[in-house]
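Engineer: could you work out the structure for the sequence below:
(2 chains)
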Amino acid sequence: GNSVTQMEGPVTLSEEAFLTINCTYTATGYPSLFWYVQYPGEGLQLLLKATKADDKGSNKGFEATYRKETTSFHLEKGSVQVSDSAVYFCALSGVTGFQKLVFGTGTRLLVSP
Amino acid sequence: DGGITQSPKYLFRKEGQNVTLSCEQNLNHDAMYWYRQDPGQGLRLIYYSQIVNDFQKGDIAEGYSVSREKKESFPLTVTSAQKNPTAFYLCASRSSGRADSTDTQYFGPGTRLTVL
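Structural biologist: Sure thing, here's the model as predicted:
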């Protein structure tokens, strides 16, 4: 079945450092890929998405590129801020039938001043 | 303001009791979902509904029940048959349930259920 594997956290960085959170997936066909962010005590918010190979999703300085050859969708940001501290979830969805998201286990990011 | 509301934010239940979690959306969305979040396990799908009066089991439906009598409401009942109900429960909705749609899945703020 479909699955998503994320790097374990927490990831601890200083402000303005470069961020990478790895995400790889196993899926039948060509799924859509998503990054969601969860701030403490809140629900999830969509951060970015990509629906086909080589697509790059971007939002708020975050980027991720859909790499079919390596089945990866790594999240990057050039300069993190304290306000980026949150839990980040990688997810996938098949592109036929009813949309059901399959989530990774989440990666906690802690950014210190 | 349009969005998804879940109530209550915190809920305590004695073992052996049923409890119902509320989820309401005013986004006019057809599709609604319930997820369970446990530490270190990400989100897992409990039930989902594509349209009013229709719903299907997700990956971990045992011990849970739902109804979809109104488009805007999708309550989740955690029954006494659920062996380990303590968790954070998230409701979500989407304009269309079709996987090939570009619509975003929106999440509510969640309900934290603790069984005493």
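
Engineer: nearest residue to A:Thr5 in space, please, no chain neighbours.
Structural biologist: Closest residue to A:Thr5 apart from its sequence neighbours, by Cβ to Cβ, 6 or more residues apart in numbering or on different chains: A:Thr24 at 5.1 Å. C-beta coordinates here come from the backbone N, C-alpha and C atoms, glycine included.

Engineer: thought the one you found was touching A:Thr70?
Structural biologist: Yes - the pair A:Thr24 and A:Thr70 qualifies as a contact (Cβ atoms under 8 Å) at a distance of 7.4 Å.

Engineer: so if I had to pick from the two, which one is more boxed in?
Structural biologist: It is A:Thr24, of A:Thr24 and A:Thr70, that has more neighbours when counted by other Cβ atoms under 10 Å in any protein chain shown, with 17 against 8.

Engineer: in contact with the more buried one, which residues?
Structural biologist: Residues in contact with A:Thr24 (Cβ atoms under 8 Å, 6 or more residues apart in numbering or on different chains) are A:Val4, A:Thr5, A:Thr70, A:Thr71, A:Ser72, A:Phe73.

Engineer: near chain A, which residues of chain B show up?
Structural biologist: Counting by Cβ under 8 Å from any Cβ of the partner chain, chain B comes close to chain A at B:4, B:6, B:31, B:40-45, B:48, B:50, B:58, B:90, B:92, B:94, B:97-102, B:104-110.

Engineer: show me which of those residues are buried.
Structural biologist: B:4, B:6, B:31, B:42-45, B:48, B:50, B:58, B:90, B:92, B:94, B:97-99, B:105-108, B:110 (16 or more other Cβ atoms under 10 Å in any protein chain shown).

Engineer: residues near residue 79, how many?
Structural biologist: No chain was given, so I picked chain A. 11.

Engineer: hm, I was asking about chain B
Structural biologist: Neighbours of B:Thr79 under the rule other Cβ under 10 Å: 15.

Engineer: can you pull the contacts of it?
Structural biologist: So B:Thr79 contacts B:Asn18, B:Gly63, B:Tyr64, B:Ser65 (Cβ under 8 Å, 6+ apart).

Engineer: out of these, grab the one that's most surrounded.
Structural biologist: Neighbour tally across the contacts of B:Thr79 (other Cβ under 10 Å): the maximum, 21 neighbours, falls on B:Tyr64.
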